[in-house]
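[1] Here is my input, please return the structure:
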Amino acid sequence: MQFVPFAGEQPLIGAGFALSVVIIIGNLIALGYWASAEASARNGSALWTFIFLWTGFGLVYYVWVRYVRDDWEPRTEPADRRERVVTAYSLAVLLAFVVGAFVTPPDPMTQVLALPPLFAVSFAVSYLFVTRGSVGGSGETAA
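    Alright, predicted model coming up:
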């Protein structure tokens, strides 16, 4: 398959592919920062936290325990704004992949083109989901 010449002839596919690569690389950077911040706030290992969050199942489990059930052990320090943004970024990538699997046909090109707009919408939703606790009366952050 000659993807590079095809992407050069079709600039929309080339742009979608480039944006998808940037989103995925940004997700690895965001997960690294998030794992480091979570590990330092909970006195854990940054490497194991990164591996746990990097797997889709680990990220879903973390979101379920931390935000839905709200029974995670307490942090030594509250999450700052940057940590909430990278948390929302990682959740948005996962949500964009899951929604993309359901709403796009099983064609890789269509899924590559659908990832950037799905990511933009899911980032707004996940940011509201992550920061919903910070606007409550308790003054504590959700992350």
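[2] Excluding chain neighbours, what is closest to residue 34?
    Nearest non-adjacent residue to residue 34, counting by CB to CB, 6 or more residues apart in numbering: residue 86, 4.7 Å away. All C-beta spots, glycine's among them, are computed from the backbone N, C-alpha and C.
[3] mean confidence score for the lengthiest helix in the chain?
    Taking DSSP state H as the assignment, the helix of the chain that covers the most residues is helix 11-41. Across helix 11-41, the average pLDDT comes to 84.
[4] Assign the most centrally placed residue in the chain to helix, strand or coil.
    Among the residues of the chain, the smallest C-alpha distance to the mean C-alpha position (CA atoms, centre = their mean) belongs to residue 90, namely 1.3 Å. Residue 90 falls in the helix class when you classify it by DSSP: H, G, I helix; E, B strand; the rest coil.
[5] Let me see the contact set for it.
    Under the criterion of CB atoms under 8 Å, 6 or more residues apart in numbering, the contact list for residue 90 reads 27, 30, 31, 34, 53, 59.
[6] so which of the residues you listed comes closest to residue 118?
    Distances from residue 118 to the contacts of residue 90, taken as CB to CB, are shortest for residue 27 (13.5 Å).
[7] my guess is the closest one meets residue 91, correct?
    No - taking contacts as CB atoms under 8 Å, residue 27 lies outside contact range of residue 91: 10.0 Å.
[8] If you count surrounding residues, which of the two has more?
    Counting neighbours by other CB atoms under 10 Å for residue 27 and for residue 91 shows that residue 91 has the greater number, 24 against 21.
[9] Near the residue nearest to residue 34, how many other residues are there?
    Summarising burial for residue 86: neighbours were counted as other CB under 10 Å, giving 24.
[10] same deal with residue 104?
    17.
[11] how much space between it and residue 12?
    Per CB to CB, to the nearest Å, residue 104 is found 15 Å from residue 12.
[12] Pull out the buried residues from the host helix or strand of the residue nearest to residue 34.
    When elements are defined using DSSP states H and E, residue 86 is found to belong to helix 81-103. Of the residues in helix 81-103, those scored as buried under the neighbour-count criterion (16 or more other CB atoms under 10 Å) are 83-97, 99-100.
[13] Kind regards, and thank you for your time.
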